[in-house]
Structure formats: C-alpha cells, structure tokens
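Visitor: what follows is a predicted protein model with its sequence.
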Amino acid sequence: MQPRKRLLTTLSGAAIGLLWCASALLVEASETGETSAQTARLISVDGAITEILYALGGETQLVGIDTTSLYPDATEAVAKVGYKRALSAEGILSLRPDRLLVTDDAGPPEVLEQIARAGVSTRRIPNTPSVAGLHETIAAVAEVLDRAEAGAALSAQLDDELAQLEAATKRSSKRPRVLFLLHIGSGNDMAAGRDTAADTVIRLAGGENVLHDAFAGYKPLSAEAALAAAPDVILVTQRNLEQLGGVDAVLERGALQATPAGQAQRVLAMDGPLLLAFGPRLAVAAAQLACELGIIDQETYERSGLTAGQP
C-alpha cells in the first residue's frame, strides 16, 4: 500500500473510532440522565421558579412554562404547558425537555410518572412561603443551573431589601388588621391563615393578618368568622376584584359589610402574581402593600427603590 493511502486509511479508522466513542458517550448520558447544567432544556412549572430562573440568567434554557409563570414580560414568548395542577404529558414531551422543575403541588401524579418513564428528569423545588423557604427555593434553582454564586447574590439582595423595608415599617406605629380573601369559583371565598404567601407578605409589610393564629393555609370564611376577625382592611387580588364586580360587590359577601373594613369601604387590590408568587420580588410586593396600608408614606416608598419589578 502506498504511504498516502496508508495514512488516509489510518486517519479514517481513527475518525471512526472517535465518532463511535462520542456516540457511546451520548447514549450513556441519555441513559443515565446526565445533561450539562448550562445546556439542559428546562420546563418550569411554577411562577416563582420561572422568576428565579430569569433572575439567575437561566432563561435561555427555558423551553416551556406553566400558566402561573407571568413575570417577566418575556415569558409571553415561551411555550405554555398548561396549569401546574393539570399538566399534559404530550404537551411537555413535545418540547423535548431534559428537566422538569416542579413544586409539590404540580400534577396530576400519573402525568408526572408518565413524563419520568419517558426519560425526563423531574426536580422538585421546595416552596415554603417564608423568607427562609424562599432562600431554599433560590438555592435549589441555582443548583439546577450550576450557578451557586449567582444564587447566593440573589439571596443577599433579597435580605438587603427586606432589611430596608423592615427599618421603614418600624418607624410607623400603624399596624392595620388585614383579611386576605381569595375568591375561588362561585360563592367560595378562601381566607388566608398562617403558612401562606399572603400571610407572610402582610406581616413583612408591617400589617397583622387577622387569621394568622386561627388556622394554617387557606380555609372557607364564614360570616361569623369574618365578624369575629374584625379586619380594618380587606385585601384581594386585582383579578378577583374585577371578577366580583368591584368594591361594593366584595363587601356584599358574607358579613364583610359589617366589619370595620366594610364600614370604611377599605378594600385593597394587588396584582395576584406579585402578591402570591413568592419569588425574587417578595420585598417589592411587601413594600407596595406597606404603602397601600399607609404604614410607609409614598415618599419613603418611592425612595426605597422597591417599586421596580411591579407589573
């Protein structure tokens, strides 16, 4: 064999060997679920997770989000996979994700099992509605992205913002009693107790959740409970206020008209995703509520720098 032909044959064999090795590695990575943190195709099934992904610079890896992911505005261009409690395996798998980021309330379970059987890794992200819980959420998302330093910086920024807000609210003697109502369907009003996003935001704002000591989570509100709670302010989401038909319609429900808030026509509405998502904008939500409640004045609120990130 001529030297040139022998060289070509040797190079061709080496190339084939390299291709075979690369193919084998790809197959092994696929079988073991190993994917680079920086290149993994991600689907976020929670509004707070999505906000954190954007805050940490991981938005380029997002190929799908659920319908609770409404912030930032750039999410409008991302494919939707439905409501997080009513997911569809077909829609999710069609986006060819490597990882699905969910919280404990995602489902239904059989759909998540079907997605796992298809080889998609599912990562459960903690979402306890407390400041410590939010730090855990940020750390978990940062781990998925392999951006621990960015996660630590985001948590430090959150602590700084909350400390600034706490200093401002402590200068006020006002501690309004707040009742948060979440209108669900026809005739069902759920009130927020402790261990809820609404409860934490109210308290960070310097207010008092009238049902904090009554129960945990969300429970239906009876007329008797509303009267006994005697709130100074009734807080709802802007969407619920519009659905019910305005302040008068809210106060017509149960015994709300007879409460101090009802007598004073004191109903406040806030953007739902801002108030309840419990993500990086936590201090922004609490500062806005503190201003609405009159705990901090408008000038202090505007000087705080916590007006950014509002819808």
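Guide: Looks like it came in fine.
Visitor: so where's the stretch 101-250 of the chain uncertain?
Guide: 184-187 (pLDDT under 70).
Visitor: what about the strands in it?
Guide: In the stretch 101-250 of the chain, the strands defined using DSSP state E, counting those that start in this stretch lie at 121-124, 177-184, 188-192, 208-209, 218-220, 233-237.
Visitor: so can I have JSON lines of these showing distance to residue 298 and mean neighbour count?
Guide: Where C-beta positions appear, they are placed from N, C-alpha and C, glycine not excepted. Below are the strands of the stretch 101-250 of the chain laid out as JSON lines (distance: least, CB to CB, whole Å; neighbours: other CB atoms under 10 Å):
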{"stretch": "strand 121-124", "distance to residue 298": "41", "mean neighbour count": "15"}
{"stretch": "strand 177-184", "distance to residue 298": "19", "mean neighbour count": "22"}
{"stretch": "strand 188-192", "distance to residue 298": "26", "mean neighbour count": "21"}
{"stretch": "strand 208-209", "distance to residue 298": "22", "mean neighbour count": "20"}
{"stretch": "strand 218-220", "distance to residue 298": "31", "mean neighbour count": "16"}
{"stretch": "strand 233-237", "distance to residue 298": "17", "mean neighbour count": "25"}
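Visitor: between those strands, which one is nearest to residue 297?
Guide: strand 233-237 (16.8 Å; CB to CB).
Visitor: and the closest one, which strands flank it?
Guide: strand 177-184 (parallel), strand 267-270 (parallel) (DSSP bridges).
Visitor: now that strand - C-alpha only, PDB.
Guide: Below are the C-alpha coordinates for strand 233-237, written out as PDB (Å, rounded to 0.1, in the frame of the first residue of the first chain):
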ATOM      1  CA  VAL A 233     -58.700  46.200  55.600                       C
ATOM      2  CA  ILE A 234     -59.800  43.600  53.200                       C
ATOM      3  CA  LEU A 235     -57.100  42.500  50.700                       C
ATOM      4  CA  VAL A 236     -57.900  40.800  47.400                       C
ATOM      5  CA  THR A 237     -56.200  40.300  44.100                       C
END
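Visitor: now what about that strand, what contacts it?
Guide: For strand 233-237, contacts defined as CB atoms under 8 Å, 6 or more residues apart in numbering pick out 176-183, 198, 202, 207, 244, 250-251, 256, 259, 261-262, 266-272, 275-276, 289, 293.
Visitor: which of the residues you listed are buried?
Guide: Buried by 16 or more other CB atoms under 10 Å: 176-183, 198, 202, 207, 244, 250-251, 256, 259, 261-262, 266-272, 275-276, 289, 293, out of these.
Visitor: what is the burial count for residue 131?
Guide: If you count neighbours by other CB atoms under 10 Å, residue 131 ends up with 16.
Visitor: for residue 297, which residues are in contact?
Guide: residue 291.
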